[in-house]
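In: Quick one, what's the 3D model for this:
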Amino acid sequence: MAKTQEPVTIKKYANRRLYNTGTSTYVTLEDLANMVKEGEDFVVYDAKNGDDITHSVLTQIIFEQENKGQNLLPIAFLRQIIRFYGDSMQMMVPRYLEMSIESFTKEQGKMRDHVAKTITGTPFSGFEEQVRRNMEVFGSAFNIFLPFKGEGEVAGTETPAPAAPAPTGADELDALKRQMADMQQKLEKLVTKPEGGSQ
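Out: Below is the predicted model of the structure:
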């Protein structure tokens, strides 16, 4: 459906039928949902009194989509939204939600690109890269908890050996797993050390 500059006018009649004045055809909520997905803007008016009922119709579309099992709204979120009705913060909630969804919409392009590269690139290359970054962060955090850093070994632990050149290909993931297991063992030694008393 071609996009227009002005919103398409949809009229809702007493028999609940929706009429698209742009195409001179009756449409369903599913048709309106597709218009939204395609970027086609529209407003819905009550054919009897001319009231703008766009909000209620869009809410009904969401209700229909949720009933199909395409749940985007978590139960905890829905409960919190209900609690805001009549609350002193109610006036701030719509704008906050608008800003949040706008920010998410701007970032979804980057997210789609990342997923596409992961799927079309070298198998597991995207995953391995993410694991590598997580390991770097984990390693940095681990070093913070090492007392006397740079002054020799800590009792019950060994000074980490210089990192070997990062493996490439399929071996990279196995190497990262070994590094994580080694760090976990050292963390366990640090945690259990106080039970034995200091020497």
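In: Check which helices and strands the longest helix seen in the chain sits against.
Out: Counting by DSSP state H, the longest helix found in the chain is helix 93-120. With contacts defined as 3 or more Cβ pairs under 8 Å, 6 or more residues apart in numbering; DSSP states H and E, helix 93-120 has these neighbours: helix 125-144. C-beta: built from backbone N, CA, C; applies to glycine.
In: Isn't V8 up against E40?
Out: Yes: counting by Cβ atoms under 8 Å, E40 is a contact partner of V8 at 6.5 Å.
In: More neighbours: these two, which one.
Out: Comparing V8 with E40 by other Cβ atoms under 10 Å, the one with more neighbours is V8, at 19 against 16.
In: Backbone dihedrals for that one, please?
Out: phi -70, psi 140 (degrees, to the nearest 10).
In: What of the one 5 residues further on?
Out: The phi and psi torsions at Y13 (degrees, to the nearest 10) take the values phi -90, psi 170.
In: List the residues that contact it.
Out: Y19, A47, K48 (Cβ atoms under 8 Å, 6 or more residues apart in numbering).
In: again, only this time at 10 Å
Out: Y19, Y26, D46, A47, K48 (Cβ atoms under 10 Å, 6 or more residues apart in numbering).
In: Turn those into TSV, columns for distance to Q70, pLDDT and neighbour count.
Out: Below are those laid out as TSV (distance: Cβ to Cβ, whole Å; pLDDT from 0 to 100; neighbours: other Cβ atoms under 10 Å):
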residue	distance to Q70	pLDDT	neighbour count
Y19	26	97	17
Y26	24	96	12
D46	28	96	14
A47	30	94	16
K48	32	93	10
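In: Three-state assignment for Y26, please.
Out: Of the three states, Y26 takes strand under DSSP: H, G, I helix; E, B strand; the rest coil.
In: what does the one 5 residues further on give?
Out: When the structure is split into helix, strand and coil by three-state DSSP, D31 lands in helix.
In: burial measure for it, as a count.
Out: 15.
In: And it, how far from E66?
Out: Separation of D31 from E66 (Cβ to Cβ, to the nearest Å): 18 Å.
In: By mean pLDDT, which helix or strand of this structure comes out lowest?
Out: Lowest by mean pLDDT, DSSP states H and E among the helices and strands of the chain is helix 125-144, with a mean of 54.
In: Listing request: residues of the protein with sub-threshold pLDDT.
Out: 1-4, 115-199 (pLDDT under 70).
In: quick one: what helix or strand has L78 in it?
Out: Under the criterion of DSSP states H and E, L78 resides in helix 75-84.
In: which helices and strands does that helix pack with?
Out: In terms of contacts (3 or more Cβ pairs under 10 Å, 6 or more residues apart in numbering; DSSP states H and E), helix 75-84 is packed against helix 93-120.
In: could you check the angle helix 75-84 makes with the helix it packs on?
Out: 170 degrees (axes from the mean of the first three to the mean of the last three Cα atoms, to 10 degrees).
In: start the count at 444, not 1, going forward
Out: Sure thing, new numbering starts at 444, so read that last one as helix 536-563.
In: Would you mind naming the residues that bridge with K455?
Out: For K455, the beta-bridge partners under DSSP bridges are L461, D489.
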